[in-house]
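# Structure here, sequence nowhere to be found:
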C-alpha cells in the first residue's frame, strides 16, 4: 500500500522524471539517439534512472516530513519532537479512585460521655496497596500515610457508633479516605564510577508511569527530577511543626506541610525513548563545583568585546550570556536506587466496591495496649472503593502527542490569563493546604496605589474547615500558595492574595401540596432537594442566587402543587457560629436574582439542617 506523502520537496515522481529525461535526450542528443519506444535499451536506462530518482525523492520527502510535528508518523520521532516543544508524552495513563479505610475502636468513658479510644487507632504506612479479590488483581497505590487518630479539615476522620449494648456504645467505627492510583512500585539500581558529564541510564519496562524517587545508597541524599537541567530551584516541603516553624505550626491542622523553594545540585531529567524505555539523564558537574548561580557575564555583552566594535544595534538573547558550568552534578562512585511506578492502562478501570484486599503495612503507634483487644481491633481494618476507578488508558496516541505538544508549547507552564492563575491556585497539592474557592480579578482602579503597576491582580481565596464549611484560609496556607505561584507568575504581574467574604444565609419556603399526599414526606423531599442545591461544593465566589431556579426545583418535586413563597435571609454573628459580615438581601435583589456584593463574596448555607426551613400552607 502506497504511503501518502504530506510533503513533496522535489515535487517529481517517476512519470515526471522519465519525461524530463526524454526531453533532455531530445534536446541535447537529437541525432545521437531518437528511439524512445518502450522496448528500446535507451528507454530502459532512462526508466531505471527515473526509478532511482523517484525512490530517492520518496526517502528525502519522508525524512523531511518526519521533522514536522504535524506530519511525523514514526513514534520515536514524535517523542523527540514533543520534547523539543516541552511536552513529555504519556506511555500509560493510570486510573484513579478514592478508597475508604475503616477500623473499629473500643468505646472509652470520658466524664459522662462515651468517646472513641484513639489509643487503638491504627497507622497505615505510606505507599501501601489495595487490590481486588480476583484472579487478575489490579493493584492500587496509596502514597499518603493514614493516621486514624488525627482529624483535620484536610484529612477528616469520620466517627460513627458501630456497636451498642443497650444504649451504651461499645465500639466506634473510624473512616478515612485516600486517593489511589493504579500503580505498583518497582526498583532498579545503577552503579556509577568516575563522574561522566550528562551520564544517562535507561529503565526498560512496560507501562512506566514515572520516577517516584532516586536515593543515593551511600549518603542517603535525594535526587530531584526537574523539567530541564538548568532548573536549580525545586519545590520541597517540610512538616508543619513548632520546631520547623513556630509561627505557622498553629495552622498544622489544615496545612500539614510548608512549601519551600530549594536550590539543589542533585537533579535529573527523564524522557521516554519509546513506549518501553525511560532514559534518566544527570548533570555535568561535580560536588565541588560552586557555579550554580546563573550570572550574567558582561564580558559577553559589551565590555571587553574585541576590536572595540560597536554593538549598540546588536540583538542579544538572554541565553547568549547567561551561563552555568554544571547544570547539576553527575553521580560518581556510588549506587543510586531508583524507585519508579508502573501500571495503568484501560484494564485498570475497575468497578466500584472491588478493591477490598489491603496488602500494605499497618501498625499501632501506642505500644501499651491489651494484646487481645489490640489483635481484635487490628483485624477490623477494611477497605473498599465506593466509586469505580476511571482515567486509565493506554498512553498518548500519535494524534494526542501532536495536539498536546502544540498546546504545551503555547502555554509554556506560565500564568498568562486570569483563569491560568485561578486553575493553578486550585491545583496546589493538598498536603500544602486546600484552596476550596478562588476568584481573581484586576485590582479596582481606586485601590491602585500611586506608581503601582496596572497589572495587579487580586486573588480571593477561601478554605474548608473539618465540617466542610467555608472558612478563612490560614496564614500558612496563603504562604504556601504564594510560594507555589511564584514559579509560574509572569514577571510583570503582581498578585495580591486576599480573603474572600462569606455571606451566610437561611432559606424559608412555603408550599401547597396536592391532595392525598403526606405533608411530612413532601416537605422532607423539598428540604433534601434544597440541601443538595445549596451544597457548598456547587457554589462559586460571586455566583448569584436565581430565585426562579429554586421555584422550578421545588415545583418539580412529586406532591407539590405550587410554591407559595421563598425567602432568603442573611444570618450573621460569630457568637452564633456565622460569618461576621452582614448583607442586605432585599437591597441586593433585582428581578428575582440575589446578587453578591462588589467585594468578591460567596453565599453559604452553613447549617442546612437548621437553616433550611419549610412549611405546608393551605390553598
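In hand now; what should we look at? Just so it is clear, the model here is predicted, and its values are computed rather than measured. Numbers count the residues shown, from 1 in each chain.
# The helix or strand residue 57 falls within packs against which elements?
Residue 57 belongs to helix 41-65 when assigned by DSSP states H and E. If contacts are counted by 3 or more CB pairs under 8 Å, 6 or more residues apart in numbering; DSSP states H and E, helix 41-65 sits against helix 14-28. Every C-beta, even on glycine, is put in place using the N, C-alpha and C of the backbone.
# Please report how far the residue positioned nearest the centre of the chain lies from residue 161.
Using CA atoms, centre = their mean, the residue of the chain that lies closest to the mean C-alpha position is residue 427, 5.8 Å off. Taking CB to CB, to the nearest Å as the measure, residue 427 and residue 161 are separated by 37 Å.
# again, but for residue 429
In this structure, residue 429 and residue 161 are 34 Å apart, going by CB to CB.
# Over to residue 435?
Distance from residue 435 to residue 161, by CB to CB: 34 Å.
# which of these two has more neighbours?
Legend: neighbour count by other CB atoms under 10 Å for residue 435 and residue 161, higher for residue 435 (25 against 13).
# what's near enough to touch the more buried one?
Each residue near residue 435 by CB atoms under 8 Å, 6 or more residues apart in numbering is listed here: 425-426, 428, 461-463, 473, 477, 481.
# burial count for the nearest residue to residue 507 once chain neighbours are set aside?
Beyond its immediate neighbours in the sequence, the residue positioned closest to residue 507 (CB to CB, 6 or more residues apart in numbering) is residue 612, lying 4.8 Å away. Counted with other CB under 10 Å, the burial measure for residue 612 works out to 21 neighbours.
# if we can go back for a sec, any idea of the angle the helix holding residue 57 forms with helix 14-28?
For helix 41-65 against helix 14-28, the angle between stretch directions is 130 degrees (axes from the mean of the first three to the mean of the last three CA atoms, to 10 degrees).
# What's opposite the nearest residue to residue 234 once chain neighbours are set aside in the beta bridge?
Distances taken as CB to CB, 6+ apart put residue 224 closest to residue 234, at 4.8 Å, once the chain neighbours are dropped. On the basis of DSSP bridges, residue 224 takes part in beta bridges with residue 267.
# From residue 235, how far out is residue 224?
The spacing between residue 224 and residue 235, counted by CB to CB, is 9 Å.
# which of the two has more neighbours?
Set residue 224 next to residue 235 and count neighbours by other CB under 10 Å: residue 224 wins out with 18 against 15.
# what pairs with the closest residue to residue 546 other than its chain neighbours across the strands?
Of all residues beyond its chain neighbours, the one nearest residue 546 is residue 593 (5.5 Å), with distances taken as CB to CB, 6+ apart. The residues listed as beta-bridge partners of residue 593 by DSSP bridges are residue 546, residue 590.
# Now for residue 593, how many residues are close by?
Residue 593 sits with 13 neighbouring residues when counted by other CB under 10 Å.
# and it, what does it touch?
Residues counted as contacts of residue 593 (CB under 8 Å, 6+ apart) are 544-547.
# quick one: it from residue 177, how far?
Using CB to CB, we find residue 593 at a distance of 37 Å from residue 177.
# ok, now residue 409?
Applying CB to CB, one obtains 37 Å for the distance of residue 409 from residue 177.
# for the stretch 201-350 of the chain, what spans make up the strands?
Defined through DSSP state E, counting those that start in this stretch, the strands belonging to the stretch 201-350 of the chain, from first to last, are 208-216, 222-225, 233-239, 257-263, 267-274, 277-282, 295-296, 322-323, 334-343.
# and residue 186, which of those strands is closest to it?
Shortest distance between residue 186 and the strands of the stretch 201-350 of the chain, using CB to CB, is found for strand 334-343: 5.5 Å.
# what comes into contact with the closest one?
92, 94, 138-139, 141, 181-192, 203, 205-219, 223, 278, 280.
# Is it correct that residue 123 is in contact with residue 150?
No: here residue 123 does not reach residue 150: they are 9.5 Å apart, not a contact under CB atoms under 8 Å.
# Now for these two: what residues contact both?
Residues touching both residue 123 and residue 150 (CB under 8 Å, 6+ apart): there are none.
# Please pull out the lowest mean pLDDT helix or strand from this protein.
Within the chain, judged by mean pLDDT, DSSP states H and E, the helix or strand with the poorest mean is strand 322-323; its value is a mean of 49.
# rewinding a little: distance check, the residue nearest to residue 546 against residue 543.
11 Å.
# do the same with residue 459
Relative to residue 543, residue 459 is positioned 17 Å away (criterion: CB to CB).
# contacts for the one helix or strand residue 424 maps to?
For residue 424, the host element (DSSP H and E) is helix 418-426. Applying CB under 8 Å, 6+ apart, the external contacts of helix 418-426 come out as 411, 414-415, 435, 438-442, 457, 459, 461, 481, 484-485, 488, 495.
# tell me the SS of residue 599?
With DSSP: H, G, I helix; E, B strand; the rest coil as the basis, the three-state label of residue 599 is coil.
# What is the neighbour count of the closest residue to it other than its chain neighbours?
Spatial nearest neighbour of residue 599, excluding adjacent residues (CB to CB, 6+ apart): residue 501 at 5.5 Å. For residue 501, the number of neighbouring residues by other CB under 10 Å comes to 19.
# check contacts around residue 501.
Listed by CB under 8 Å, 6+ apart, the contact partners of residue 501 are 579, 581, 597, 599-602.
# Farthest-apart pair in those residues, please.
When CB to CB is used, the two most widely separated members of these are 579 and 600, lying 13.9 Å apart.
# Burial check on residue 24, number of neighbours?
The burial count for residue 24: 11, using other CB under 10 Å.
# let me fix that: residue 175
15.
# Pull the contacting residues for it.
Residues counted as contacts of residue 175 (CB under 8 Å, 6+ apart) are 100-102, 157-160.
# what about it, which helix or strand?
With DSSP H and E as the test, residue 175 turns up in strand 168-181.
# Enumerate the positions of that strand that are buried.
The neighbour-count check on strand 168-181 (16 or more other CB atoms under 10 Å) flags 169, 171-174, 176, 178, 180-181 as buried.
# Next: stretch 351-369.
Within stretch 351-369, the residues scored as buried using 16+ other CB under 10 Å are 354-355, 358, 360, 362, 364.
# Select from those residues every entry located in strands.
The strands, defined by DSSP state E, take in 355, 358, 362, 364 from these.
# Many thanks, have a good one.
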